[in-house]
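Colleague: model this:
(chains A, B and C)
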Amino acid sequence: MIPSGFDYVAPTTLDDAVAALADAGEDAKVIAGGQSLMPVLRLRLNSPSTLVDLGRIAELRGVREDGDAIVVGAMTTHHDVITDPLVGRHATLLTDATQTVADPQIRHRGTFGGSLAHADPAGDLSAVAVALDATLTLVGPNGRRDIGAEDFFTDFFTTALEPDEILASVRIPKHTGWAAHYEKFHRVAQSWSMVAVAATVDVDDGGVIREAAVGLTNMAAVPVRARAVEQALVGQAADVEVIRAAAEHAAEGTDPMTDPNADAEYRTHLAKVLTRRAVVAAAGV
Amino acid sequence: MRVTITVDGTTYEDEVEPRTLLVHHLRNQLGKVGTVIGCDTSNCGACTVMMNGHSVKSCSVLAVQADGADVTTVEGLARDGELHPVQEAFRDNHGLQCGYCTPGMIMSTIDLLAQNPKPDEHAVREGLEGNLCRCTGYQNIVRAALDAAQRLQADESPRLERTESPQTRTDSSQTMQETGGAR
Amino acid sequence: MTATVEPSAAEHEVGKARIRKEDDHLITGRTKWTDNLVLPGMLHIGILRSPMAHARIAGIDAETARSMPGVVAVYTGADLAEEQGSLPNAWAITEDMKAPQAPSLAVDTVRFAGDAVAMVVARTAAEAQDATDAIDVDYEDLPVVLDLADAASDGSDLVHPDLGTNVSAVWTFDSAEAGTGTDVEDEIRNAEVVIERTFRQQRLIPAFMEPRSVVVDPTGTQITMWSATQVPHILKLMLAMTLGIPEHKLRVIAPDVGGGFGGKLQVCPEEVLALLAARRLGKPVKYTETRSESMQAAHHGRDQIQKLTLAARRDGTVTGLKVELLADMGAYLRLVTSGIPILGAFMFNGIYKFPAYHFACTNVFTNKAPTDAYRGAGRPEATFAIERIMDELATELDMDPLEVRAKNWIAHEEFPFDTVAGLTYDSGNYEAATAKAKELFDYDGLRREQAERRERGDTVQLGIGVSTFTEMCGLAPSRVLGSLSYGAGGWEHASVRMLPTGKVEVVTGSSAHGQGHETAFSQIVADRLGVPFEDVEVLHGDTQTSPRGLDTYGSRSLSVGGMAIVKAADRVIDKARPLAAHLMEASEDDLEFTGGQFTVKGTGASVGIADVALAVFAAHNLPDGAEPNLDSEATYDPDNFSFPHGTHLCAVEVDTETGFVTVRKYVCVDDIGTVVNPLIVEGQVHGGLAQGIAQALYEDAIYDESGTLLTGSFAEYLVPGAPDLPHFTTDRTETPATGNALGVKGVGEAGTIASTPAVVNSVIDAVRHLGVRDVEMPCSPMRVWKAIQAGQPTSTQGDVR
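Modeller: Here you go, the predicted model:
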């Protein structure tokens, strides 16, 4: 299918993009890698008046180190995230989860920032951002503001982004030395996560879990941080029984939906099993 | 809008509507009908082409986004009348039946082998996850990809080496600092 | 004149794994898909489809659309009501079958979500789409009929109120009445064991990769239609009959066609609409559907509820089978919608010697997309049911599933065998195929591993599934189709043209769309005429080139179409023989023809068929009265179906914590008779397996309670990808069919028919010890997990064990 007609601008700086978005009015839409927006446009589920393409803004791409954090440009493609050494060293969980996103062709176009801004509850990277305590930098006509990942996601496909704001970058505190695993459960390779668990743990030399972070995909309208699980893990020996007991808390504070592939009861069950598996895999026990 | 796109070695300058998909531009404007459309949700991968050295689904790229890009389609693979080794492998291993998914499968296989020249069966299956085929059950496609890997190892001549365009590769640390990307 | 060389067996083309002739243009993108076509002044069609499953069209406002840029015309059902006719159904299965009017463009009522409501013709596809979106339709809700069982019951809301019922027809077969066996009710009464099961055949979407596309050119003296169809000949005839266009004024071309699987065995509303638009406007038009439109509006497959009652003795001998089907027609009867369950009616008894059999099918309308042929068409449904219930019998009697099958199957020395369903199976060797499959599979080893895992209480359990199937292929003997009230015959046509240079053009009435006809038919002709494989060109898919034909479906191309080619080639030889004798001044009776050479017995003098062809072209030196023409044609009508069979063994691992099923090993040994090209055969089996496994585990066309298709794109309808499918181990036994000279049986559907029950049986086998008796298809993780939960009264649901 062919999208409805729209105007198109492709600014080369972030400031120009913000200005273009403001000029274009409320029916404008920002396009990043087109991973989700292109099908939406083709199916005419959305007919924006103007597309503001961030694809030619060099400053929005790439990963850099910034003190105790790494900063991932919003327009960094999944492919570049996967192959980025900084991400691999300081945010293994992001590398691991991004490898499961879509397929190679889509990973060449789709971007980290685009995925977060789309805020699909089944999207794999939102839970990662939440688990890694990421801070998102939003830029609008009134300047820039930072917002924590847990506050960024507000509902199904809805974020704290104002219509005139652009997600510029994502700051991720270094999780150097943390082990990680993204446990994705879906029916076929191309289908969305029914439930997935993003787990990363810092285990000391004595095999004790110093810190743990667990994020859940598709267990509510927004990504959920499984804090009860984390609390049950921290300070404990990283062994299967401890993890099994901790994972029993996985569904606490979630609000899973029902669809033809999985009802709420099944999702609740899956969250526990997959959390156990994710943490076991991350801890390497 | 005016766009300049190099397709299979020829540079074309055309006027396009912003909403024109790259695949529609290739097929309708440039006559590159070897690249086909199989779905409207970016699932099937039949429209896969190489853009600036990377496989992309040309139904998920606007023609205006491809302005300045270098695109290779299935029609641009054969050189001097000689088939690309991946094309030969698909034919010799019966890696196609109706042939509709084949252009995309071949392009994805080329990308897969560029990134992983010696994949095992598992890696091939995972690497082709973005392409659907309804005829073959994938077995002979996998066989073709593994065979193509062997052929490419043996083939000295550079085939479709990855080209990194300035658009897709930048010195990221520098550009991020220029804008203070994450203050 | 050259010396004759007797070709050795190794030089025969038939049996060679020839690389396909078709491939060179497909791997280089030099393709001729319908959507590639551009004609001068061509217009584009957009179709507005109903979002409602059942509604009255109270009004259509197309004024805005008509005034939009590029729009040439907008048509509604009211505009075309007079000329569009009713889409054809060719199979009145009973005398009183209820067949509703089936307009291409809904006139006053829409009956499924996806029904076409209006058509826009514009200068570009984008403009057509824009205008389509601008049409405003006022719908008045009507009650939506979705549940198959409810629809069949008295007092249901009606899909077609004018018919007074949702039941289109009830069709029965009874072995006692037909004289093919005893009375099933007696057998059930007297049985030592009675097994009753109800299975659900979910609704599937054929999901050919090339969306349907049609181009119509009304200029010139004929109307020419290019369509992505499996059936150009049937389409031409049906368009003529439906629209009253003189048949000789129509030409239909199926260029490169990207898969069909039964899904393009149709006379589509879009084909009718494109033709009407082109005729009205006098301009070429094109319509290409989107994938979403295809999922919604192209016909679906399967969708049955199957109730089976099996009677047996405690020693495992089966004594009777009763089948009661409810079959979902969807909203209309398309080309062979009504007959699909009937194609299964003769197959429920499978390879087993049932003394008694009763089959009753109730065809029911619902407000869903029409169903029709999908790979296997009726036979997968039947095979699934019998192979599932044979496993249930084995369980009941504590027998190995292969043992209970062997006890009941037709022994190879018993062929030909008249079945209780009234067919005669010509040949088969179930023992040989099963023995080979067991060995390749390591059946005993996997059974041991299964026992160990159960013993250990492993969270991942192993299951082994069996399917020993047969199918009726080579549709079909015309007189049989006649006896079933089908509207056409089942013959196939071919012609063979000897060109002056010795090259050969073969014209076939079957219409390939991925099957490799050009290669396989070339191999057959190369052997028959003794010409090089490369010298044969196979032409098909154009009613002008190939004026007679019945197209491609039902695994018929080789066993029927191939035989027509053999007959035509033999006629070429027959015509050439007296001419060769004349050229060598020998007696016809002294000639033998081998390896492309006519040789005078005992002398070594010979003349090649190519030499004869050139002599015929020149026509300088022919016998008196001889016609200078070797070209020949033939029509072949089979006497019987062919009956491929095989043994498929599947091992799955079921993650009991999540319900996720992984196919670990799949072995199949198929007996499809003589093999023309093993490469093509293997490919057909692989693809068939993929589709059968997909039914078992993944695919399901789901409607919500309002009648909206929830699985309306590839994002929701789960066509498996490469990572989702296993490596298949395929092998063959070769028991030639006795019904045709080639000994071939057909392979297009075998994999699909056999694999679905093998997989589901293995899933249940993996978790049967946990109390699971059945899992509805597709065996999704949630269904399997819930079945395990339900089977285990002591477990607390939701807990991680």
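
Colleague: list the buried residues in stretch C:101-116.
Modeller: C:102-107, C:109-116 (16 or more other Cβ atoms under 10 Å in any protein chain shown). (Each C-beta comes from the backbone N, C-alpha and C, glycine too.)

Colleague: only C-alpha atoms, please: export it in PDB.
Modeller: Output of stretch C:101-116 as PDB, limited to C-alpha atoms (Å, rounded to 0.1, in the frame of the first residue of the first chain):
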ATOM      1  CA  GLN C 101     -25.700 -14.900  -5.300                       C
ATOM      2  CA  ALA C 102     -22.100 -13.900  -5.200                       C
ATOM      3  CA  PRO C 103     -21.600 -10.400  -6.600                       C
ATOM      4  CA  SER C 104     -18.000  -9.200  -7.200                       C
ATOM      5  CA  LEU C 105     -19.000  -5.800  -5.800                       C
ATOM      6  CA  ALA C 106     -21.500  -6.000  -3.000                       C
ATOM      7  CA  VAL C 107     -24.800  -4.500  -4.200                       C
ATOM      8  CA  ASP C 108     -26.800  -3.900  -1.000                       C
ATOM      9  CA  THR C 109     -25.300  -6.100   1.700                       C
ATOM     10  CA  VAL C 110     -21.700  -7.000   2.800                       C
ATOM     11  CA  ARG C 111     -21.300 -10.400   4.200                       C
ATOM     12  CA  PHE C 112     -17.700 -10.500   5.400                       C
ATOM     13  CA  ALA C 113     -15.000  -8.000   6.400                       C
ATOM     14  CA  GLY C 114     -13.200  -7.600   3.100                       C
ATOM     15  CA  ASP C 115     -16.100  -7.800   0.800                       C
ATOM     16  CA  ALA C 116     -15.600  -5.300  -2.000                       C
END
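
Colleague: in the stretch 601-750 of chain C, which spans are strands?
Modeller: C:606-608, C:632-636, C:645-655, C:661-671, C:728-732 (DSSP state E, counting those that start in this stretch).

Colleague: same for the third one, what does it pack against?
Modeller: Translated: strand C:645-655. Packed against strand C:645-655 by the contact rule (3 or more Cβ pairs under 8 Å, 6 or more residues apart in numbering or on different chains; DSSP states H and E) you find helix C:430-441, strand C:460-470, strand C:661-671, helix C:750-767.

Colleague: just say which of those is most tucked in.
Modeller: Compared across the helices and strands packed on strand C:645-655, helix C:750-767 shows the largest average neighbour count, a mean of 30 (mean count of other Cβ atoms under 10 Å in any protein chain shown).

Colleague: now that helix against strand C:460-470, angle please.
Modeller: Relative orientation of helix C:750-767 and strand C:460-470, computed by axes from the mean of the first three to the mean of the last three Cα atoms, to 10 degrees: 140 degrees.

Colleague: contacts only, for the residue of the stretch 201-350 of chain C found nearest chain A.
Modeller: Residue nearest to chain A within the stretch 201-350 of chain C (Cβ to the nearest Cβ): residue C:290, separated by 4.5 Å. Neighbour list for residue C:290: A:1, B:40, C:211 [criterion: Cβ atoms under 8 Å, 6 or more residues apart in numbering or on different chains].

Colleague: ok so, going back, for residue C:391, find the nearest of the helices and strands packed on strand C:645-655.
Modeller: helix C:750-767 (4.8 Å; Cβ to Cβ).

Colleague: does chain A sit close to the helix or strand that that closest one is followed by?
Modeller: Where DSSP states H and E defines the elements, the next helix or strand beyond helix C:750-767 is helix C:781-791. Yes. Residues of helix C:781-791 contacting chain A under Cβ under 8 Å from any Cβ of the partner chain: C:781, C:782, C:785, C:786.

Colleague: how is chain A partitioned into domains?
Modeller: Annotated domains of chain A cover A:7-53, A:62-173, A:179-283 [automatic domain parsing].

Colleague: quick one: the last one near chain C?
Modeller: Just to be clear, that refers to domain A:179-283. Yes. Applying Cβ under 8 Å from any Cβ, one finds domain A:179-283 in contact with chain C at A:185, A:187-192, A:194, A:244, A:247-248, A:260-263, A:265-266, A:268-270, A:272-274, A:276.

Colleague: distance between that domain and the chain's centre?
Modeller: Computed by Cα atoms, centre = their mean, to the nearest Å, the separation of domain A:179-283 from the middle of its chain amounts to 15 Å.

Colleague: now do the same end-to-end measure for that domain.
Modeller: 6 Å (Cα to Cα, to the nearest Å).

Colleague: which one of the helices and strands packed on strand C:645-655 lies closest to chain B?
Modeller: helix C:750-767 (7.7 Å).

Colleague: name the helices or strands packed onto the closest one?
Modeller: Right, helix C:750-767 is packed against helix C:379-396, strand C:460-470, strand C:645-655, strand C:661-671, helix C:678-697, helix C:781-791 by 3+ Cβ pairs under 8 Å, 6+ apart.

Colleague: JSON lines please, covering those and showing distance to residue C:750 and mean pLDDT.
Modeller: JSON lines is the format used below for the helices and strands packed on helix C:750-767 (distance: least, Cβ to Cβ, whole Å; pLDDT from 0 to 100):
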{"stretch": "helix C:379-396", "distance to residue C:750": "10", "mean pLDDT": "98"}
{"stretch": "strand C:460-470", "distance to residue C:750": "8", "mean pLDDT": "98"}
{"stretch": "strand C:645-655", "distance to residue C:750": "6", "mean pLDDT": "98"}
{"stretch": "strand C:661-671", "distance to residue C:750": "5", "mean pLDDT": "98"}
{"stretch": "helix C:678-697", "distance to residue C:750": "6", "mean pLDDT": "98"}
{"stretch": "helix C:781-791", "distance to residue C:750": "27", "mean pLDDT": "97"}
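
Colleague: quick one: the helices in the stretch 451-600 of chain C?
Modeller: C:478-483, C:517-529, C:563-584 (DSSP state H, counting those that start in this stretch).

Colleague: next one: chain B
Modeller: For chain B, the helices defined by DSSP state H occupy B:22-24, B:85-92, B:102-115, B:121-127, B:139-154, B:172-179.

Colleague: looking at those helices, which is buried most?
Modeller: Highest mean neighbour count among the helices of chain B (mean count of other Cβ under 10 Å): helix B:102-115, a mean of 26.

Colleague: does it come close to chain C?
Modeller: Yes. Helix B:102-115 reaches chain C (Cβ under 8 Å from any Cβ) through B:102, B:103, B:106.
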